[in-house]
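what would the 3D arrangement of this be:
(chains A and B)
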Amino acid sequence: MDELEAIKVTFFQECEELLADLEGGLLAMQDGNDDGDTVNAVFRAVHSIKGGAGAFGLEPLVRFAHVFETLLDALRSNEIPGTPDLTALLLRASDVLADHVSAARGLGVVDMDVSAAMAAELKIATDPNAAPAAAAPVAEAPQYVDAAPIVIGADDGMDDDDLGFDFQPMTITLDAQAADAAVLDGDVWTVSIRPKSDLYRKANETALLLRELSRLGPIQATLDDSALPALEFIDPEAAYVTWSVRVETEQGEEAIREVFEFVDGDCDLEITRGEAPVADVLASLLDIAAPAPAPEAAPVAVEIPAEAPPVSAVGPAAEAAPLAAPMPVSAPAPAAPPVAANAPAPAAAKPAQIDVPGPGQSVIRVDPERIDRLIDLVGELVINQAMLAQRVGEYGIAPSSNLAMGLDELEQLTREIQDSVMAIRAQPVKSVFQRMPRLVREVANMTGKQARLVMDGENTEVDKTVIERLSDPITHMLRNAIDHGLESPEERKAAGKNPEGVVRLAALHRSGRIVIEVQDDGKGINRERVHSIAVKKGLISPDLTLTDEEIDNLIFLPGFSTADKISDVSGRGVGMDVVKRSVQALGGRISITSRPGLGSTFTLSLPLTLAVLDGMVVDVAGETLVIPLACIVESLRPKAEEIRPLGPVGSVLAVRDSFVPLIDVGLTLNYRDRSPPPTEGVVLLVEGEDGSRAALVADAIHGQRQVVIKSLEQNYQQVEGVAAATILGDGRVALILDVDAVINLRRRGPPPPSDPTLIAAE
Amino acid sequence: MPQASSISVLVVDDQLTMRALIRNALQQIGFKDIREAPDGEEALKNLLAKPANLVISDFNMPKMDGLALLRAVRSHPPIRQTAFVMLTGRADRELVQRAVQFGVNNYCVKPFTVQGLKEKIEQVFGQLT
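Below is the predicted model of the structure:
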């Protein structure tokens, strides 16, 4: 049964995709963007979920899906009309279905009352005359138990043989198949010849080649002259035509190739086993698929197989069924002269190579650990390459030398490998986005707002490590946009707006980062109110003059909440400051812009990966440290008069209108006992996650660099004040500073002197 | 009596789970050479590149449904002898009638049991060993 367990895992993975398809289709219907196939796709999604669930004995899920499916079936066969109300109902039903799937998976429980009520609603929508009492059975089996599957597929409660006519299976023998297959397998070849002008220049002649081919067996040649220009534009020395030749021969591909031995390179040659290209077959099928199946043949065809001898090679029914169009491809018209001016050979004579993706070949599933390992190794490779480059520089080898140039190429390749490997682990943000429509529905319901979610850039890719961390901030931003951004339908109407607010969620790449935007068309930020609240709560001083943008971003201050009453939705004091902190922890930034009366836009930007980091390399007491670039506001050289002492050991730096604490990194990390005068070093003004600023003193700045992050915990142990480590080009280990921890360490005062000195190892 | 292990099968279903379940059932019956395709179009390409003895196909699929696949198989001489078993979601009389018209060898209604599927296949090939 292990195998079945594995299939069950597959099933739940597939369910996620199917639920996403379902919701996507329903949203398209809601927006009026559905084509005829949307309803069918939506139906298929629910049907497939039911089918799989039936196989695993997930009874409640099957029952609910069945009711859902019945309604969709009625809708797609136009038994009931599609209305906005119905679509809204279907969307809510899809949420309940999703709950059922989660419950079946063992993640959460279904509120069976909600489920039963929804099932009753669906039944009434399917058949308004049906008595509501029919809803009861849905609640019958509230528990998901692991029932051993006996049957495979969905239980429709229909009788297997309830066809209304007697079906006679049509027998077939393997021999008969083999006889036919032999024609395909052994003997038929399709040769595509596209002569180049050189072929004619060398006095070769396609007619001779065709004659040579015909010695191998019967041939049928078709000429594709679609590339032939009008007479006045013809270059008499150019080659324009392509031949497609069907050869029946037992002599094999080698013999065919031999014919073309002397024109090798002077023509494009493709030799394929079998009949003409699939594309043509498909095209011709589209022709025959259009007309309705011949109805007059129906009653006859049902009876014929019954009389057919068991060994009939192919069902006579197949031949009896009149095909609406001839099949020009499978049997190329032999009457067509080889040089027919309007030869039927398709312009696309090339796709003779048949690309057959076998099961699972189009998508490879790989253990994520293997990819992580690969990314680690490439990280090492990047470091190694940087080291080599630095050594070469140290030896004074000229940049124009072969060695240096080869190294440049290596660098190029290494970068490309790194990008490609990161691309493997990249995933579209879709997996996060697809959870949001439901959230918007729920929040809108809870707050009495009307909101429509528009999503953009779902296919924007970002590293897996970042994807996992996107969900929370997006959830918060969306909640905030609906709860605080959008007005109530009445207010909107009064303002001359559509009562339904639009929230736009978009993802895009911008300068090597992923940017997530959440935009609402609500009332915008009430700056006066925000300012007065901030003053009232003592977050800013009353006489401070702020730009509009600065006022807007006050909402990210800790302890700021503009809601007059604390709502269920935005939470208790867990406001945007929390979001900002978690975003900054990932090296990201978040901001808001707002236009009064027109709405607000949250902009969140994150690095594309958490495997590499943009950092500033600095020297402190002889050690090399990396400070994450995202934390650095500016760097400056302090003047003596800007430094004021504070308390017995501390001092602060005057930066424009405010004072920020001066922190000597060397002292904080115990690299040295006494700080050199800050005026001799460089000061980096940094901002912590909570928005608090500090001035970090370093001895020198080496420059900006992208570094590969190595976990310190994995390789050594956690060290306070240090976030991770990296390896620099010269092979030295450099520690990546945890700016927040450093600020906090300083607040707690200097560490006891007994702390072991932390030295970055060679 | 044909050997199940010598019969090559192409399983056509848009649902990965269903393909896995059918494959599993076929393996229990004794089939060894089992291929899969997610829709009619892929199935046809697959068959034209490498014929199979038996196609077990779902009906409702995107791109090209099971009925269209059946028609395509029957109208292409080198593979028209392929045994074709339609796996339908429900015993839809009209659907099965049309399938019969196009030369389906047998049909099987979901839900099915391993034994049921085996019988359906044996009705086409004779008893399997």
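
those strands in the stretch 151-300 of chain A, which residues are they?
A:188-195, A:219-224, A:242-248, A:267-273 (DSSP state E, counting those that start in this stretch).

so what strands line up beside the shortest one?
It refers to strand A:219-224. strand A:242-248 (antiparallel) (DSSP bridges).

and the strands of the stretch 151-300 of chain A, which one's lowest on average pLDDT?
Per-segment mean pLDDT for these reaches its minimum on strand A:219-224, at a mean of 79.

how far out from the middle of the chain is it?
In terms of CA atoms, centre = their mean, to the nearest Å, the centre of strand A:219-224 is found 45 Å from the chain centre.

next one: stretch A:4-11
Using CA atoms, centre = their mean, the offset of stretch A:4-11 from its chain centre is 23 Å.

go through it and flag the buried ones.
Residues A:7-8, A:10-11 are the ones in stretch A:4-11 that count as buried (16 or more other CB atoms under 10 Å in any protein chain shown). Where you see a C-beta, it was placed from the backbone N, CA and C, and this is true even at glycine.

repeat that for stretch A:526-541.
A:527, A:530-531, A:533-534, A:540.

the helices in the stretch 51-200 of chain A, which residues?
For the stretch 51-200 of chain A, the helices defined by DSSP state H, counting those that start in this stretch cover A:59-76, A:84-104, A:112-126, A:174-182, A:197-201.

what lies in contact with the last one?
Identification of contacts with helix A:197-201 by CB atoms under 8 Å, 6 or more residues apart in numbering or on different chains yields A:206, A:237-239, A:263, A:265-267.

hmm, try it at 10 Å
Residues outside helix A:197-201 that contact it (CB atoms under 10 Å, 6 or more residues apart in numbering or on different chains) are A:193, A:204-206, A:209, A:235-240, A:262-263, A:265-267.

if you rank every helix and strand of the chain by mean pLDDT, what lands last?
By default, I'm working from chain A. None of the helices or strands of chain A scores lower by mean pLDDT, DSSP states H and E than helix A:298-307, at a mean of 34.

ah, no, chain B please
Per-SSE averages on chain B (mean pLDDT, DSSP H and E): minimum helix B:93-101, a mean of 84.

what packs against that one?
helix A:298-307, helix A:316-320, helix B:66-74, strand B:83-88, strand B:106-109 (3 or more CB pairs under 10 Å, 6 or more residues apart in numbering or on different chains; DSSP states H and E).

at 7 Å what do you get?
Judged by 3 or more CB pairs under 7 Å, 6 or more residues apart in numbering or on different chains; DSSP states H and E, helix B:93-101 is in contact with helix A:298-307, helix B:66-74.

near residue 100, how many other residues are there?
In the absence of a named chain, this looks at chain A. 25 (other CB atoms under 10 Å in any protein chain shown).

nope, chain B
Neighbours of B:Val100 under the rule other CB under 10 Å: 27.

check the one 10 residues further on too.
Other residues near B:Lys110 number 27, with proximity taken as other CB under 10 Å.

any stretches of chain B with poor pLDDT?
Within chain B, the segments meeting pLDDT under 70 span B:90-91.

which residues in it form strands?
For chain B, strands defined by DSSP state E occupy the ranges B:9-12, B:34-37, B:54-58, B:83-88, B:106-109.

how near is the residue nearest the centre of chain B to B:Lys118?
Taking CA atoms, centre = their mean, the centroid of chain B lies closest to B:Ile56, which sits 1.2 Å from it. B:Ile56 sits 12 Å away from B:Lys118, going by CB to CB, to the nearest Å.

I'd assumed A:Asp730 was in contact with A:Gln390.
Yes: the pair A:Gln390 / A:Asp730 is scored as a contact, 5.3 Å apart, by CB atoms under 7 Å.

the longest helix in chain B is where?
Within chain B, and with DSSP state H defining each element, the longest helix by residue count is helix B:16-29.

do it and chain A meet?
Yes: with CB under 7 Å from any CB of the partner chain as the criterion, chain A is reached by helix B:16-29 at B:16-18, B:20-21, B:24-25.

of these, which is the most crowded?
B:Leu21 (29 neighbours).

ok, back up a step: which one of the buried residues of stretch A:4-11 is nearest to A:Val665?
Using CB to CB, A:Thr10 is the member of these that lies nearest A:Val665, at 51.6 Å.

what separation do you get for A:Ser651 and A:Val665?
14 Å.

try A:Asp95
Taking CB to CB, one finds A:Asp95 at 51 Å from A:Val665.

so which of the two has more stuff around it?
The neighbour comparison of A:Asp95 against A:Val665 (other CB under 10 Å) goes to A:Val665, with 26 against 17.

over to that one: give its phi and psi.
phi -60, psi -40 (degrees, to the nearest 10).

could you do A:Glu517 as well?
phi -120, psi 130.

now swap in A:Ala203 and tell me
phi 60, psi 30.

for the helices of the stretch 51-200 of chain A, which one ends up most surrounded?
A comparison of those by mean neighbour count, using mean count of other CB atoms under 10 Å in any protein chain shown, puts helix A:59-76 on top with a mean of 23.

now do that helix: which elements does it pack against?
Counting by 3+ CB pairs under 7 Å, 6+ apart, helix A:59-76 packs on helix A:36-55, helix A:84-104, helix A:112-126.

TSV for those helices, including distance to A:Val454 and mean pLDDT?
Output for the helices and strands packed on helix A:59-76, formatted as TSV (distance: least, CB to CB, whole Å; pLDDT from 0 to 100):
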stretch	distance to A:Val454	mean pLDDT
helix A:36-55	18	85
helix A:84-104	15	88
helix A:112-126	26	84
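
for A:Ala741, find the nearest of the ones you listed.
Short answer: helix A:84-104, nearest of these by CB to CB, at 37.8 Å.
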